[in-house]
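Colleague: Sequence first, predicted model second:
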Amino acid sequence: MGGGEEGRRYKKITIGVCVMEKKVKCGSEVFSATMGQILDRLKAFGEFEIIHFGDKVILEEPIERWPICDCLIAFYSSGYPLDKADAYAALRKPFLVNELDPQHLLHDRRKVYERLEMYGISVPRYALVNREVPYQELDYFIEEEDYVEVHGNRFWKPFVEKPVDGDNHSIMIYYPSSAGGGMKELFRKVGNRSSEFHPDVRRVRREGSYIYEEFMPTGGTDVKVYTVGPEYAHAEARKSPVVDGVVMRNPDGKEIRYPVLLTPNEKQMARDVCIAFRQAVCGFDLLRSDGHSYVCDVNGWSFVKNSHKYYDDAACVMRKMFLDAKAPHLSSVIPPILPWKLNEPVQPSEGLTRQGSGIIGTFGQSEELRCVIVVIRHGDRTPKQKVKLKVTEEKLLNLMLKYNGGRPRSETKLKSAVQLQDLLDATRMLVPRSRPGRGSDSEAEDLEHAEKLRQVKAVLEEGGHFSGIYRKVQLKPLKWVKVPKSNGEGEEERPIEALMVLKYGGVLTHAGRKQAEELGRYFRNNMYPGEGTGLLRLHSTYRHDLKIYSSDEGRVQMSAAAFAKGLLDLEGQLTPILVSLVSKDSSMLDGLENASIEMEEAKARLNEIITSGARTIQSSGTSEYPWMTDGAGLPSNASELLPKLVTLTKKVTEQVRLLAKDEDETLTETSPYDVIPPYDQAKALGKTNIDIDRIAAGLPCGSEGFLLMYARWRKLERDLYNERKEYDLLHNAHLNLEGLDELFKVAQIARRLLGKILIDLRNTCEEALDVAELKSNQDKCSAKTETDDKDFLPKLSTKNDDTRRSSTTSEVSMDQDDDEEKETKYRLDPKYANVRTPERHVRTRLYFTSESHIHSLMNVLRYCNLDESLQGEASLVCQTALERLYKTKELDYMSYIVIRMFENTEVALEDPTRFRIELTFSRGADLSPLEMKDSKAASLHQEHTLPIMGPERLQEVGSCLTLEKMQKMIRPFAMPAEDFPPSSTPAGFSGYFSKSASVLERLVNLWPFHKNAHTNGK
């Protein structure tokens, strides 16, 4: 029945709205509030009478004088008398949309998690710390630098700290020292901010009771789910406050959210939440992490804002709810035309243009960008350094025993702040007050030992706090003696000499961060051709599938975070961005062990060529292809230049020594126990600009003092030339003197990375074809779809889902399937998205790594056609690009290789030309300050930042490299998909996950909302 004749034959059902007035606006403003929008639609059916209780009645009148109603909408908000409303419900017994007694649970996060677990709903791994009084010491709670432990349950940073009070929204995230440390506070939106980062806060709160839980990396997106009864759920995605705390708003000032589809498993979770808390209208927060979903908060009564389609659905669902409860004899079928006549504002449909190549030339309006894969070298870094010295001092040997469990033959690694502080304290006491003059050989050895101790002390004193991302120390015992045990019973071993190895440096500089951020901005504006803001629009609408991977090195991780900041137009410091958006994969982006033998052979061959001045033309090399020669690119008089290089190095070293001598004499005038005001390296690395005050004072850039600068140049001098040995140029990697034969073998370095790239391309291709097939089928049955649209609340066929799942999983390996599950799962909801092409999806994979991987990958692209299995094939790289690469001095900081895949939607699905690959590369910051003579040179000297060279083509203009050929050429050098081990989760970065459903199961969700007759959700 509609809101007409049949409705007038029966007494109207009364709906009591017993909520605080701030939650529902009445009168002329009714349409400006979400609640008002839905109540107005209910009234339009003609079956209901709405009674607003009002604040005066709720707060001042006894429940006996409250209006009597058939159905009651009542929920808690600040100042609301929940117990009083509960008593009214017990007295009058109306139908409750949301039951009142369970609402008490929502004020205590402990009870919320307990109820969720009771109903089998996944929550993050967590533990409770209950205090009866503030700052109460608890024997089951332990806090260390990078973790807390509760009842033996350890939570590595990053972890989340939530007050147990559900009304306290001050939630903290603590970050690991390896990512720079610090804490981010999340809070209710204040203006344009929803969180704040505090880099100096490292200790957890102790003034109350808290829940500690594992931090779930969600790719920078939160999902809010809104139920209206157990059979309906609407979900919206927004930028997570953990990224940079800046709220994304539209021109009207409202937070930007995008409706997304729920998976079958998530729809069941929504139903379970609704039932578990007996709240028909209920909002909750969903975390999607590595292919699994977790509920992390339940809010109670919540409505979606600014969605007229949602208002329609919610009104229809609630109408059926009320009729079933109070008038089951009446029909609850939705009328063909909804009774309200609202002039709904028409929201502009977003029309991203078809994607053509922005670099090589347009291939027609039929092409769409499908995939962007980039392998990027880290940004500018400080020099990597190592200090080795043999120590016999009792204090240092005791320190080694303290941290290795008292085992005399075991080495010790010192990385934590406490450990490094202990070492600094011991070193300060051992460094001599003054430098003695040079005398005998033994005195010379003592002098060198003292100098190295001074260097260790200087390195440890650098920075406002310690962090393993900047420095680490190894102590390895070398000699032992037998000594009587302290209790007089027998003997025990005692170390008398150990090798101390201090590694430091290799840290991303202010210039490195600036380079990475600017390159991210360049990619945002140029790699994703389209309208307006390009990538930002694509990313924010949930059609952009972005994953960022990094090796384990701090400079690489920070480069990735800075790039992400520029790419996604984020604000604030890098630590929260790093933890939220960057995944570590050291096995793919770090490991060099697979090619260690070949690397040593290549180094030996290069050393032979350099020192002898010889050239050997390989059998495959000709004068026409000079890059086919071992030592190609090496100056013809390299052996003659070496003595000059040594002389110049000694000259620079002596100048720095004099500066260091002046600095050291100033420092020795103070007591060795005085705490020198430290230069905070951690804060310096958070800047994109140089420290002008240090430069003006004539000090080295960054945090390095003259003493450490001298040690660095002295070491370089010794490594370059040693009187007792031949010339050794292994440290001159920047000469980039690779020989084809050797480095062709070293392609093994990137074997796993190449395998992952092929999987990325294959998954994107299969997904695009699945979407094309589904769209084709959808077009064929569009007439039927229009008829089905009249049915309300459809349900995806579980049987159909199972069929799709079984047919897909049998074709791929477990790891491939797992990779697909994690990476291609989530989509816009086409019913609510308000965009023309909600099924369109672009996958981006960013791999940040070191120079060796960039070289290895480039060598495969250049020379893969020389493999025996590919004889006769043309190279992936054209002749002009090969010549350019030959003349390229170095793949410098922020050098990158881009693989973009386009789909031509106008050719047949089976046509090889449907998917085209585009290859480009950049030499990075491959420009010497000495080469810059123009106006940019002055700017360069002021900012200490080299510009990054633009992208260059690896293919001829107009050429078409198909995906099929790319796969054929790369496959011999790539790790087969079936050889990929199960993906590992880095310690302290995420939890334990399992697979959910398959690609085809997810893609069926692209079909229209109104599909079948029954559903658990939308």
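Modeller: Good, I have the coordinates.
Colleague: hey, let's count contacts and neighbours off CA atoms from now on
Modeller: Will do.
Colleague: which element follows the helix or strand hosting Q37 toward the C-terminus?
Modeller: In the assignment (DSSP states H and E), Q37 maps to helix 34-44. Of the helices and strands lying after helix 34-44 in sequence (DSSP H and E), the nearest is strand 48-52.
Colleague: tell me the angle that following strand makes with helix 34-44.
Modeller: 150 degrees (axes from the mean of the first three to the mean of the last three CA atoms, to 10 degrees).
Colleague: How about residues contacting strand 48-52?
Modeller: K12, I13, T14, I15, G16, V17, C18, L39, L42, K43, P67, C69 (CA atoms under 8 Å, 6 or more residues apart in numbering).
Colleague: Would you indicate which residues of that strand are buried?
Modeller: F48, E49, I50, H52 (16 or more other CA atoms under 10 Å).
Colleague: want to try JSON lines for those residues, with pLDDT and distance to E266 as columns?
Modeller: Converted to JSON lines, those look like this (pLDDT from 0 to 100; distance: CA to CA, whole Å):
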{"residue": "F48", "pLDDT": "95", "distance to E266": "33"}
{"residue": "E49", "pLDDT": "95", "distance to E266": "35"}
{"residue": "I50", "pLDDT": "95", "distance to E266": "33"}
{"residue": "H52", "pLDDT": "94", "distance to E266": "35"}
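Colleague: Select, from those, the two members most distant in space.
Modeller: F48 and H52 (12.9 Å; CA to CA).
Colleague: which other helices and strands contact the helix holding Q37?
Modeller: strand 48-52, helix 308-326 (3 or more CA pairs under 8 Å, 6 or more residues apart in numbering; DSSP states H and E).
Colleague: Output the ones you listed in CSV; the columns should cover distance to H544.
Modeller: Below are the helices and strands packed on helix 34-44 laid out as CSV (distance: least, CA to CA, whole Å):
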stretch, distance to H544
strand 48-52, 44
helix 308-326, 24
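Colleague: Lowest average confidence across the ones you listed, which one?
Modeller: Sorting the helices and strands packed on helix 34-44 by mean pLDDT places helix 308-326 lowest, at a mean of 90.
Colleague: So which bits of that helix are buried?
Modeller: For helix 308-326, by 16+ other CA under 10 Å, it's 308, 310-323.
Colleague: What is the nearest of those residues to I609?
Modeller: Each of the buried residues of helix 308-326 was checked against I609 using CA to CA; the closest is Y310, at 72.8 Å.
Colleague: thought that closest one was touching P259?
Modeller: No - if you go by CA atoms under 8 Å, Y310 and P259 don't touch, sitting 10.3 Å apart.
Colleague: any shared contact partners between these two?
Modeller: With CA under 8 Å, 6+ apart, Y310 and P259 have common neighbours H234.
Colleague: what does stretch 967-976 contact?
Modeller: 747-748, 750-756, 758, 860-861, 864-865, 867, 870, 876.
Colleague: give me that answer again for 7 Å
Modeller: R751, R752, L754, G755, L758, C864, N865 (CA atoms under 7 Å, 6 or more residues apart in numbering).
Colleague: now, the most widely separated pair of those residues?
Modeller: R752 and N865 (19.4 Å).
Colleague: picking that back up, now the contacts of stretch 967-976 as a markdown table including secondary structure?
Modeller: Converted to a markdown table, those look like this (DSSP: H, G, I helix; E, B strand; the rest coil):
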| residue | secondary structure |
| --- | --- |
| R751 | helix |
| R752 | helix |
| L754 | helix |
| G755 | helix |
| L758 | helix |
| C864 | helix |
| N865 | helix |
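Colleague: Is it possible to get those residues out as TSV so that each row also shows neighbour count?
Modeller: As requested, those are arranged in TSV below (neighbours: other CA atoms under 10 Å):
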residue	neighbour count
R751	25
R752	20
L754	24
G755	22
L758	20
C864	26
N865	20
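Colleague: of those, closest to T221?
Modeller: L758 (26.7 Å).
Colleague: Which residues are in contact with the closest one?
Modeller: Q967.
Colleague: V473 looks like it's in a helix, true?
Modeller: No - assigned with three-state DSSP, V473 falls outside any helix and is strand.
Colleague: Touching, it and V501? I think so.
Modeller: Yes - assessed by CA atoms under 7 Å, V473 is found in contact with V501 at 5.6 Å.
Colleague: Settle it for me: which of those two has more neighbours?
Modeller: Using other CA atoms under 10 Å as the criterion, V473 and V501 rank with V473 on top: 22 against 18.
Colleague: Kindly state the beta-bridge partners for that one.
Modeller: Note on V473: beta-bridge partners L414, L502, judged by DSSP bridges.
Colleague: got a pLDDT number for it?
Modeller: 90.
Colleague: How much space separates it from L396?
Modeller: V473 is 12 Å from L396, where distance means CA to CA, to the nearest Å.
Colleague: A750: what secondary structure?
Modeller: helix.
Colleague: Spit out the contact partners of it.
Modeller: When contacts are counted by CA under 7 Å, 6+ apart, A750 touches H853, S856, L857.
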